[in-house]
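A.B. asks: Sharing a sequence plus its predicted fold:
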Amino acid sequence: MGLHGRKTRKMGERIKLLTPYQVTSAVMASAGNPRTKFMHCLPAFHNTETTVGAEMKEEFSIECMEITDHAGDPAFQNPTKFIGPVYTQEKAQMPAEAAGWRIAQGGEHWRRVAPSPRTQGHP
């Protein structure tokens, strides 16, 4: 059975509603614990070679729905996404050194920065 009729409309509505809540590396990094695990029971596919994958591409221009980041993404070497509270440079140094965080200046303040890579298969 394909993604036709009501099922297609429901899937499209869900994709539109849930897209802003994607779990990315930056979201995971904001937990502040490198051992944090993300568990899910969401449907996923990693290419368009299956019937479902082909239908998702045709209907919604989505080529994959899976949880993966490309380890070679430059964002991992140069994190730029500000997360967490703001500090003075002096106060930012202590938690950064203790936890192995990277920090950067944003305006007058210093904050922790995390990688924000592009998820594979998504524009």
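C.D. replies: Ah, there it is.

A.B. asks: part of a helix, is Pro85?
C.D. replies: No: per DSSP: H, G, I helix; E, B strand; the rest coil, Pro85 lies outside any helix segment and is strand.

A.B. asks: which secondary structure elements does the helix or strand of the chain with the lowest mean pLDDT contact?
C.D. replies: Averaged element by element with mean pLDDT, DSSP states H and E, the chain has its least confident helix or strand at helix 5-18 (a mean of 73). Helix 5-18 makes packing contacts with helix 51-60 when contacts are defined by 3 or more C-beta pairs under 8 Å, 6 or more residues apart in numbering; DSSP states H and E. All C-beta atoms are positioned from the backbone trio N, CA, C, and that covers glycine.

A.B. asks: can you pull the buried residues of the helix it packs on?
C.D. replies: Gly53, Glu55, Met56 (16 or more other C-beta atoms under 10 Å).

A.B. asks: And these, which is closest to Val23?
C.D. replies: Met56 (18.7 Å; C-beta to C-beta).

A.B. asks: Count the neighbours of the closest residue to the closest one other than its chain neighbours for me.
C.D. replies: Distances taken as C-beta to C-beta, 6 or more residues apart in numbering place Ile62 nearest to Met56, at 4.9 Å, with adjacent residues excluded. Counted by other C-beta atoms under 10 Å, the residues lying close to Ile62 total 19.
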